[in-house]
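Engineer: Got a predicted model here, sequence first, then my questions.
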Amino acid sequence: MRPLQGEHYHLLPDTRARCIEYRLIGATHFREYYPEAKDSDKNALAGKRTLAGPQIEKDFVRYGDVTTVLLKSSVRPPAAVVSYIIPAYAWQDTYDKATHTWRSGRIGVLRIYLERPFRVSGDRESIGLVLAHNIAHTPTTEDVQPVVSRWGADPIKPIHKPIADTALSVGNLCDNADGLRLCRLSEGGFAQVRPYPVEFNPHRKLWYADIPINPLGSLAPFLRLAIVRWQPDALHEDLKDPLPPLAPADPNADCRISTVTTADFIQLNSERWASVHRVDRHTFTVTISGPRPSPSGGAYATSGNVTFSGELQVRWSAAGTDTGWRPETTADGKTGPVDLTPDPAVDDADEMTCWKMTVKIKSTFVARQHRIVLRERESYLDRLDKPVARLVYAKFIDLY
C-alpha cells in the first residue's frame with residue numbers, strides 16, 4: 001500500500017468547537033486484474049474505475065481505524081441575550097401506601113428564554129449560572145464580585161429574618177453541585193459557573209433553560225441572575241486553589257464562557273408542600289407546610305398575609321371529566337372552602353409553619369370519587385390602601 005507523503009491539513013473556516021472523526025479508506029483501481037473478481041464484474045466495471053458507487057465491494061476496500069479529534073473553540077462565545085424569564089414549578093407527587101398519605105410539593109423553577117442564534121460556538125453550547133466563589137475567603141459582597149447572581153427579600157413582605165448573604169450560593173441549587181466550574185471572567189476576577197442544558201421551543205421560536213432554585217425557606221425572594229454562554233469544548237486554563245494572578249488580562253484566557261449578562265429581577269413564589277392523610281374510610285387530615293410572613297409586620301402587617309382554604313368536591317360523571325366537579329357537603333355540614341388553621345405548636349420566631357384541617361366524608365357517598373382543592377390567597381394593599389386578596393397557590397389532590 002502506498003504511504004501518504006508529507007503533512008495533510010484540514011482547514012476550517014471558523015473557531016467553532018468540533019468533534020471530527022477521521023478514517024483512511026484504501027481501494028484499488030485495478031480490480032479487474034485480481035483473480036478473485038468474477039467475469040460478470042469485469043464486464044460491469046469496464047471503463048468505470050471510480051471509487052464511488054456500488055461497484056466497490058468489501059473484498060477490495062480496506063478501512064482503517066476511526067480517529068476522533070476534538071477541536072476546541074479558541075475564542076469566547078458571544079454574550080447571551082435574555083429575552084425574558086418566567087417563574088415555573090416542578091411538581092413532586094407521591095403516595096405512601098403504608099401510611100395512606102398523599103404528598104405533593106412544588107419547587108420553584110426559573111425558565112430563561114434566550115434570543116437566537118444559539119450554539120454559535122459549537123453543538124454542545126449551553127448556558128451557565130454565575131455564582132460567587134469564596135476561595136481563600138474572598139468576600140462575596142457586590143463591590144468585590146459585582147457580576148454574580150444575587151437575591152434578596154421582598155421589601156413589602158414582613159419576614160422573620162433578613163437574607164444574610166445576597167450572593168446566590170451552592171445551597172440555592174436544587175440539583176447536584178458537582179457540576180460547578182471555576183472560570184476566569186472577561187470582566188475581571190473569578191466566579192463559579194453551573195452549566196444548564198438548553199432546549200428549543202418551536203412555538204415561541206426561542207431557546208430556553210430551566211434553573212431550579214432552592215429558596216432555603218425564604219418568603220417569595222427576588223432573584224437577579226447572571227447568565228453566560230457555556231462551551232465545555234474550549235481552550236481554558238486549569239484553575240486551582242490558590243488562584244493565579246489576574247494580570248495580565250487576556251480576553252480569551254477562558255474561552256468556555258462569554259461575557260456576563262445580568263437579567264432583570266424576578267420574584268419566586270414560596271415553596272409549598274401539601275399532604276393528605278387518610279385516618280379512616282371517612283376522615284382525612286390535610287396539612288400544608290412552607291414559609292410564612294412574620295406576625296409582627298409593622299406597617300406592612302396587612303400586606304403579605306396569607307390564608308389557606310380547603311374544599312371537598314365530588315365528581316358527577318354525567319357532567320363530564322373536568323367540568324363535572326361540584327362542591328360536596330362534609331359530614332360536619334360544611335360546604336365550600338374551609339380555612340386551614342396554623343399549627344400552634346410552631347414558634348412565632350420560626351419562619352416555617354404548617355396549616356391543618358380535617359375533612360370528613362358522608363358515609364353514603366364513600367363510593368363516589370372525591371378530591372380536595374387547596375388554595376392559598378395572599379393579601380396586599382391596593383392604591384387606596386385597601387386589602388385585596390389574590391390567588392397564589394392551588395392544588396387538586398384526588399382521594400382514592
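Structural biologist: Structure received. Residues are numbered from 1 along each chain as shown.

Engineer: Can you show me the helices along the stretch 1-150 of the chain?
Structural biologist: For the stretch 1-150 of the chain, the helices defined by DSSP state H, counting those that start in this stretch cover 39-45.

Engineer: Low-confidence ranges, it, go.
Structural biologist: 1-6, 34-59 (pLDDT under 70).

Engineer: rerun at 50
Structural biologist: 39-40, 42, 47-56 (pLDDT under 50).

Engineer: Check the stretch 151-300 of the chain too.
Structural biologist: Looking at the stretch 151-300 of the chain by pLDDT under 50, you get 298-300.

Engineer: Name the nearest residue to S149, ignoring sequence neighbours.
Structural biologist: L168 (4.2 Å; Cβ to Cβ, 6 or more residues apart in numbering). Using the backbone N, CA and C atoms, a C-beta is placed for each residue, glycine as well.

Engineer: how close does that neighbour sit to K360?
Structural biologist: 45 Å (Cβ to Cβ, to the nearest Å).

Engineer: out of these two, which sits in the busier spot?
Structural biologist: Using other Cβ atoms under 10 Å, the more surrounded residue of L168 and K360 is L168, with 25 against 16.

Engineer: measure the residue nearest to S149 to G128 for me?
Structural biologist: Distance, L168 to G128, by Cβ to Cβ: 13 Å.

Engineer: Repeat that for P221.
Structural biologist: For P221, the distance to G128 - Cβ to Cβ - is 21 Å.

Engineer: what's the answer for S73, then?
Structural biologist: Applying Cβ to Cβ to S73 and G128 gives a distance of 15 Å.

Engineer: who's more crowded, these two?
Structural biologist: Taking other Cβ under 10 Å, S73 and G128 do not tie; G128 has more neighbours (28 against 25).

Engineer: show me what contacts the more buried one?
Structural biologist: R181, V193, R194, P195, Y196, I227, V228, R229, W230, I257 (Cβ atoms under 8 Å, 6 or more residues apart in numbering).

Engineer: Nearest to S121 among those residues?
Structural biologist: Ranked by distance to S121 (Cβ to Cβ), the contacts of G128 are led by R229 at 6.9 Å.

Engineer: Tell me the secondary structure of that closest one, please.
Structural biologist: strand (DSSP: H, G, I helix; E, B strand; the rest coil).

Engineer: mind listing what's buried in stretch 104-120?
Structural biologist: For stretch 104-120, a neighbour-count test (16 or more other Cβ atoms under 10 Å) marks 104-110, 112-114, 118-120 as buried.

Engineer: next one: stretch 374-387
Structural biologist: L374, R375, E376, R377, E378, Y380.

Engineer: I'd like to know the beta-bridge partner residues of the closest residue to Y196 other than its chain neighbours.
Structural biologist: In this structure, Y196 finds its nearest non-sequential neighbour in A209, 4.7 Å apart by Cβ to Cβ, 6+ apart. On the basis of DSSP bridges, A209 is bridged to I112.

Engineer: tell me how far the ends of stretch 254-267 are from each other?
Structural biologist: This stretch, stretch 254-267, spans 32 Å end to end (Cα to Cα, to the nearest Å).

Engineer: Let me fix that, I meant to ask about stretch 91-105.
Structural biologist: Per Cα to Cα, stretch 91-105 runs 6 Å from first to last residue.

Engineer: Same check on stretch 113-125?
Structural biologist: 15 Å.

Engineer: burial count for Q267?
Structural biologist: Q267 has 11 neighbours, counted by other Cβ under 10 Å.

Engineer: and what of V130?
Structural biologist: Taking other Cβ under 10 Å as the definition, V130 ends up with a neighbour count of 24.

Engineer: what sits against it?
Structural biologist: Here V130 is in contact with V147, V148, S149, L185, A191, Q192, V193, A226, I227, V228, V260 (Cβ under 8 Å, 6+ apart).

Engineer: what do you get for D165?
Structural biologist: D165 neighbours (Cβ under 8 Å, 6+ apart): T140.

Engineer: So it: helix, strand or coil?
Structural biologist: Reduced to three states by three-state DSSP, D165 is coil.

Engineer: Pull out the buried positions in the helix or strand F396 falls within.
Structural biologist: Using DSSP states H and E, F396 sits in strand 387-399. Judged by neighbour count (16+ other Cβ under 10 Å), strand 387-399 contains these buried residues: Y393, K395, I397, L399.

Engineer: what's the closest of those to D93?
Structural biologist: Looking across those and measuring by Cβ to Cβ, the closest to D93 is I397, at 8.5 Å.

Engineer: The closest one contacts W102, doesn't it?
Structural biologist: Yes: counting by Cβ atoms under 8 Å, I397 does reach W102; the two are 5.3 Å apart.

Engineer: what pairs with R184 across the strands?
Structural biologist: F190.

Engineer: Next up, the contacts around it.
Structural biologist: Per Cβ under 8 Å, 6+ apart, neighbours of R184: F190, H236, E237, L239, A253, D254.

Engineer: Among those residues, which one is most surrounded by other residues?
Structural biologist: Of those, with other Cβ under 10 Å as the count, D254 tops at 21 neighbours.

Engineer: Quickly note the distance from the spatially closest residue to that one that is not a sequence neighbour to A79.
Structural biologist: Take D254 and drop its neighbours on the chain: the residue closest to it by Cβ to Cβ, 6+ apart is R184, 4.1 Å away. Distance from R184 to A79, counting by Cβ to Cβ: 16 Å.

Engineer: Contacts only, for the closest residue to Y63 other than its chain neighbours.
Structural biologist: Excluding the flanking residues, the one nearest Y63 by Cβ to Cβ, 6+ apart is I25, at 5.8 Å. Going by Cβ under 8 Å, 6+ apart, I25 touches V61, R62, Y63, G64.

Engineer: Distance to M352 and neighbour count added to those, as a markdown table?
Structural biologist: A markdown table is the format used below for the contacts of I25 (distance: Cβ to Cβ, whole Å; neighbours: other Cβ atoms under 10 Å):
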| residue | distance to M352 | neighbour count |
| --- | --- | --- |
| V61 | 70 | 13 |
| R62 | 70 | 12 |
| Y63 | 64 | 11 |
| G64 | 64 | 10 |
